[in-house]
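Trainee: here you go, sequence then predicted model.
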Amino acid sequence: MYSMTPLSPRRTAILTFIRDRIAAQGQPPSLAEIAAAFGFASRSVARKHVQALAAAGLLQVTPYQARGIRPLEPVPRTELLALPVLGRVAAGAPIGADAGLHDRLLLDRGTFARTPDYLLRVQGDSMIEDGILDGDLVGVARAAEARTGQVVVARLDGELTIKRFERHADGVRLLPRNPAYRPIEVSADRDFAIEGVFCGLVRRG
């Protein structure tokens with residue numbers, strides 16, 4: 001049974017990483033490998049995220065085993081999603097929108113905290129602290145509104161970008177999750193629209 005509580009982007013990414021590693025190598029990653037993949041300072045941070053996923057009913061953890069992490073039973077085939085890949089989205093400075101159909105993937109519904117409408121390929125590294133990396137496929141649910149703190153795909157002056165959304169007294173700000181990038185202030189005269197909210201991601205080897 002999958003948890004109905006929405007996962008954070010980081011924990012969604014960790015769950016996807018565990019599933020992808022099992023699919024590719026036949027065994028789950030160790031805590032040390034999870035820590036290295038996500039830039040955690042220690043295995044204890046990785047353990048905290050794994051324990052939270054287990055508490056949410058998404059993982060089974062066998063004590064005292066170095067690789068004792070297993071996703072719960074796969075979602076039945078009737079629960080698979082056929083999702084279109086509609087181009088790319090910038091995790092960095094906005095890039096030109098590219099919404100043509102590039103591919104179609106069949107994925108477990110449980111991969112995502114919320115059912116997405118389509119996938120976009122990430123280009124750039126501005127969202128790495130949320131576990132969203134260059135080359136990832138992000139699931140997007142169409143939405144015209146968002147709450148402060150949500151990760152959104154936004155169209156800014158005709159170009160797409162993925163950032164954290166923040167509404168403040170003077171307007172809207174798009175926040176990167178990489179200290180190398182500055183927030184984007186969205187003034188009232190700019191052409192701005194929220195295209196959708198982030199639901200989770202797929203990382204392909």
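Mentor: Cool, got the structure. All figures in this text were calculated on a predicted structure; none of them were measured in a lab.
Trainee: residue 43: neighbour count?
Mentor: 16 (other C-beta atoms under 10 Å). For the C-beta atoms, the positions are set from N, CA and C on the backbone; glycine is no exception.
Trainee: what about the strands in the chain?
Mentor: Counting by DSSP state E, the segments of the chain that form strands are 59-61, 69-71, 80-90, 95-96, 103-108, 118-123, 137-142, 151-156, 159-168, 171-175, 184-186, 192-202.
Trainee: what's the weakest-modelled helix or strand in this structure?
Mentor: Of all helical and strand segments in the chain, the minimum by mean pLDDT, DSSP states H and E falls on strand 95-96, at a mean of 53.
Trainee: next one: the closest residue to residue 85 other than its chain neighbours from residue 162, what distance?
Mentor: Nearest residue to residue 85, sequence neighbours excluded (C-beta to C-beta, 6 or more residues apart in numbering): residue 103, at 4.0 Å. Going from residue 103 to residue 162 by C-beta to C-beta, to the nearest Å gives 18 Å.
Trainee: the two: which is more packed in?
Mentor: Between residue 103 and residue 162, counting by other C-beta under 10 Å, residue 162 is the more crowded of the two (30 against 12).
Trainee: state the pLDDT value of that one.
Mentor: Residue 162 is assigned 96 on the pLDDT scale.
Trainee: relative to strand 151-156, how tilted is the longest helix seen in the chain?
Mentor: When the chain is parsed with DSSP state H, its longest helix is helix 9-25. When axes from the mean of the first three to the mean of the last three C-alpha atoms, to 10 degrees is applied, the directions of helix 9-25 and strand 151-156 differ by 100 degrees.
Trainee: got the domain boundaries for the protein?
Mentor: What automatic domain parsing lists as the domains of the chain is 9-71, 77-202.
Trainee: for residue 146, see how far away the closest residue to residue 47 other than its chain neighbours is.
Mentor: Counting by C-beta to C-beta, 6+ apart, the nearest residue to residue 47 once its immediate chain neighbours are dropped is residue 31, at 5.5 Å. Residue 31 sits 33 Å away from residue 146, going by C-beta to C-beta.
Trainee: before we move on, what about residue 18?
Mentor: Residue 18 is 28 Å from residue 146, by C-beta to C-beta.
Trainee: try residue 155
Mentor: From residue 155 to residue 146 the distance is 13 Å (C-beta to C-beta).
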